[in-house]
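**Student:** predicted model follows, preceded by the sequence.
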Amino acid sequence: MAAELLPGNRLTLLNSGEQYFPALLAAIETAETEIFLESYIFADDLVGHAVASALCQAAARGVRVNVTVDGFGARNFSADFLPRLNTAGVRAMLYRPEIGRFRLKRHRLRRLHRKLAVIDGRIAFVGGINIVDDDNAPEDMRPRYDYAVRLEGPCVGQVHHAMRRMWEIVSWVNFKRRFRLGAPTKTYCELCGTQQASFLIRDNIRHRNDILHAYIKAINEAHHDVLIANAYFLPGVRFGRALQAAARRGVKITILLQGKTDHPLLRFATQALYAVALKNGMRIFEYERSFMHAKVAVIDGRWATVGSSNIDPFSLLLAKEANLVVCDETFAAELQASIHDAMAGGAREMGHEEVAGLPWHARFVRWLSYGVVRALVGLTGYGPKHWQADEEMPGTTPNPPG
């Protein structure tokens with residue numbers, strides 16, 4: 001489904017938790033009627049307690065506060081926050097509570113990975129930032145680098161509708177009849193800016209490929225440059241073909257990836273693709289200053305996206321994701337400048353010689369990791385949808401070590 005760009009929005013780019021949490025807390029503190037909040041992680045740290053306190057205070061003012069967190073990502077939520085929130089009148093639920101942690105089931109990979117909020121139907125937040133302190137990480141990975149957007153205007157209605165629908169589904173599955181929603185709060189969707197935007201989700205019903213298709217369409221239409229900053233990058237065949245075709249047209253492709261990671265298996269699998277990407281004229285940078293969690297892109301200085309979706313099979317095929325797509329030169333220029341600043345201040349470019357000169361055992365680990373990830377995706381039953389016919393696209397399958 002093509003993205004429907006709605007005009008008349010006002011967008012504010014928020015760089016990492018340092019900018020995001022003051023904006024989110026300020027919006028919560030001014031809420032009058034309703035708050036929806038979704039997060040994959042809700043950490044037991046200073047930020048988690050600050051957000052929980054603000055939500056409790058809003059409920060005490062008579063605001064209807066609805067919180068949904070993922071049952072795996074926020075495994076601590078039931079013990080650390082749920083009793084406190086419920087006592088204060090906050091309605092909080094878990095999406096797919098984690099039961100039987102050591103049993104491998106397909107549905108365990110279908111997580112609520114969205115990071116969203118809507119306040120009074122007039123302000124929305126969309127991005128990749130969890131409810132977690134940027135300094136809640138190993139010392140050499142602080143502060144976390146990520147993005148979100150504060151949104152006002154017609155596009156808020158799209159976010160509000162998606163969050164209401166998610167709340168209804170989760171409340172029904174969890175038999176929370178008392179949590180069912182009444183008539184929707186009026187969304188204040190009047191034109192309040194000049195920026196065009198569209199809210200996209202990924203789910204397993206009507207919107208399986210909306211985010212993927214938006215990326216591929218934008219890359220296929222690129223004329224000058226594609227800049228991608230993505231924490232977990234393991235594209236499938238269609239995405240890879242789009243990048244290769246753009247590179248052959250002379251489009252400058254720059255990809256910023258993690259240099260420090262919390263998932264070594266995925267990082268090694270991604271590194272198995274470096275040689276192919278470099279051979280096709282793409283530039284690859286690894287961000288080493290701290291932990292990069294961003295999922296953003298800018299194409300031709302006009303098209304941009306900020307959201308929760310990684311470019312890997314777990315986000316594009318399994319998880320519930322949400323991205324904001326923007327068509328605006330001012331916003332795209334701001335995001336592009338921010339990414340370039342991050343690259344200049346903490347990223348290292350990967351060269352042909354460095355990648356080709358890896359010892360055989362290092363290449364073997366990367367090839368093996370790629371194979372393991374493929375196998376894991378295959379166990380979910382979604383493998384063919386992501387990896388189908390790799391051999392039909394020369395150069396996309398990493399070569400085993402010589």
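**Tutor:** Thanks, I have the structure now. Numbering: from 1, shown residues only.

**Student:** in the stretch 101-250 of the chain, what residue spans correspond to helices?
**Tutor:** 155-173, 210-220, 237-248 (DSSP state H, counting those that start in this stretch).

**Student:** and residue 30, how many neighbours?
**Tutor:** Residues near residue 30, counting by other C-beta atoms under 10 Å, number 12. Every residue, glycine included, has its C-beta placed from N, CA and C.

**Student:** next: residue 250.
**Tutor:** 9.

**Student:** please tell me how far it sits from residue 83.
**Tutor:** 59 Å (C-beta to C-beta, to the nearest Å).

**Student:** sorry, back to before: any chance of the helices of the stretch 101-250 of the chain in TSV, plus distance to residue 269?
**Tutor:** Conversion of the helices of the stretch 101-250 of the chain to TSV gives the following (distance: least, C-beta to C-beta, whole Å):
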stretch	distance to residue 269
helix 155-173	30
helix 210-220	19
helix 237-248	14
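
**Student:** of those, which approaches residue 118 most closely?
**Tutor:** Ranking the helices of the stretch 101-250 of the chain by proximity to residue 118 (C-beta to C-beta) places helix 155-173 first, at 4.9 Å.

**Student:** that's a helix at residue 68, yeah?
**Tutor:** No. Using DSSP: H, G, I helix; E, B strand; the rest coil, the assignment for residue 68 is strand, not a helix.

**Student:** go ahead and confirm it touches residue 166.
**Tutor:** Yes. At 6.4 Å, residue 68 counts as touching residue 166 under the criterion of C-beta atoms under 8 Å.

**Student:** where does residue 4 land in three-state SS?
**Tutor:** From three-state DSSP, the assignment for residue 4 is coil.

**Student:** the strands in the stretch 151-300 of the chain, which residues?
**Tutor:** With DSSP state E, counting those that start in this stretch as the definition, the stretch 151-300 of the chain shows strands at residue ranges 195-202, 225-230, 252-258, 283-287, 295-299.

**Student:** can you list those in a markdown table and add mean neighbour count, distance to residue 74 and mean pLDDT?
**Tutor:** Putting these into a markdown table (neighbours: other C-beta atoms under 10 Å; distance: least, C-beta to C-beta, whole Å; pLDDT from 0 to 100) gives the following:
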| stretch | mean neighbour count | distance to residue 74 | mean pLDDT |
| --- | --- | --- | --- |
| strand 195-202 | 24 | 20 | 96 |
| strand 225-230 | 23 | 23 | 98 |
| strand 252-258 | 21 | 22 | 98 |
| strand 283-287 | 20 | 26 | 97 |
| strand 295-299 | 27 | 19 | 98 |
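
**Student:** would you turn those strands into JSON lines with distance to residue 268?
**Tutor:** As requested, those are arranged in JSON lines below (distance: least, C-beta to C-beta, whole Å):
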{"stretch": "strand 195-202", "distance to residue 268": "25"}
{"stretch": "strand 225-230", "distance to residue 268": "16"}
{"stretch": "strand 252-258", "distance to residue 268": "11"}
{"stretch": "strand 283-287", "distance to residue 268": "13"}
{"stretch": "strand 295-299", "distance to residue 268": "20"}
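
**Student:** and of these, who's closest to residue 124?
**Tutor:** Among the strands of the stretch 151-300 of the chain, if distance is taken as C-beta to C-beta, the winner is strand 195-202, at 8.1 Å.

**Student:** helices or strands next to that closest one in the packing?
**Tutor:** Applying 3 or more C-beta pairs under 8 Å, 6 or more residues apart in numbering; DSSP states H and E, one finds that strand 195-202 contacts strand 6-15, helix 155-173, helix 210-220, strand 321-327.

**Student:** parallel or antiparallel, list what pairs with it.
**Tutor:** Take DSSP bridges as the rule and strand 195-202 pairs in its sheet with strand 6-15 (antiparallel), strand 321-327 (antiparallel).
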